[in-house]
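> model this:
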Amino acid sequence: MDLKKTSEETAEKLLARRIILIDGKLEPDLMRMVRFGILRLNTESVDDIKLLINSSGGNVTMMNLVFDVIKLSKARVVGIVNGACDSAAVTLLQACHVRLATRGSSFFMHFVSHDGDFFFKSNTPTSKINRKLKTRIESSKKVQRYSENILCQRTGLTRIEIRRYMIDGEENGARLDAEEAKAIGLVDNVIDSFELF
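A predicted model of the protein is given here:
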């Protein structure tokens, strides 16, 4: 069985039913597909769009593009976590008009990290390296504040409370189950089933 072909066929069948699948890391190709899917479905009607999420997180910059498209969508976007909702995927879920999680889902939050390439030549002056590092750190801090603001707005938690969950995630690997996520406002409801077809 050609797994790639089967995945593409399944994604097309789901899209025809106004369901977009986010399964895996939030990488640029996947985020572009999700973004264009939401835009395409908005041109067809304002019926609900279901965003089915199982993700370990990933590229925050690309996630922000999809986040904005969801927020601007005339069609209501219903985010359904079915599996993992980690890192940037937690923030992405907050853009959805309705946020649901299946009972077996789990959530993981941590501070923004920068995993991009950082190259320099061996003869690069230390001052230039320090400037680049400072720029990267400031950029990460901005993204962190942005993500915290989104989480605070949707959950009603304070920045300090959000950071406690992030610290617990980073230091202890703590995950929230679906009911815990509902209790702190990451999701609106925990569901036992949902209709795909």
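> Return the list of helices and strands in contact with the strand ranked longest in the chain.
In the chain, ranked by residue count with DSSP state E as the criterion, the top strand is strand 77-86. Under the contact definition 3 or more C-beta pairs under 8 Å, 6 or more residues apart in numbering; DSSP states H and E, strand 77-86 sits against strand 49-55, helix 88-93, strand 98-102, strand 106-108, helix 178-183. For every residue, glycine as well, the C-beta is placed using N, CA and C.
> How much space separates the residue most central in space within the chain from residue 154?
For the chain, the residue nearest the mean C-alpha position is residue 89 (2.0 Å; C-alpha atoms, centre = their mean). Here residue 89 is placed at a distance of 14 Å from residue 154 (C-beta to C-beta, to the nearest Å).
> what does stretch 190-197 contact?
14, 17, 19, 50, 52, 80, 82, 100-103, 178-179, 181-182 (C-beta atoms under 8 Å, 6 or more residues apart in numbering).
> What subset of those residues is buried?
14, 19, 50, 52, 80, 82, 100-102, 178, 181-182 (16 or more other C-beta atoms under 10 Å).
> What pairs with the longest strand of the chain, parallel or antiparallel?
Based on DSSP bridges, the pairing partners of strand 77-86 within the sheet are strand 49-55 (parallel), strand 98-102 (parallel), strand 106-108 (parallel).
> re earlier: please identify which of the helices and strands packed on strand 77-86 is closest to residue 37.
strand 49-55 (8.1 Å; C-beta to C-beta).
> Just the pLDDT for residue 3.
On pLDDT, residue 3 comes in at 65.
> Over to the one 4 residues further on?
According to the per-residue confidence, residue 7 scores 75 in pLDDT.
> To what extent is it buried, counted in neighbours?
Residues near residue 7, counting by other C-beta atoms under 10 Å, number 12.
> what residues are up against residue 39?
Contacts of residue 39 by C-beta under 8 Å, 6+ apart are residue 69.
> just the one 10 residues further on next, same as before
Applying C-beta under 8 Å, 6+ apart to residue 49 gives the contacts 18-20, 38, 41-42, 73, 75-78.
> For it, give its distance to residue 6.
From residue 49 to residue 6 the distance is 23 Å (C-beta to C-beta).
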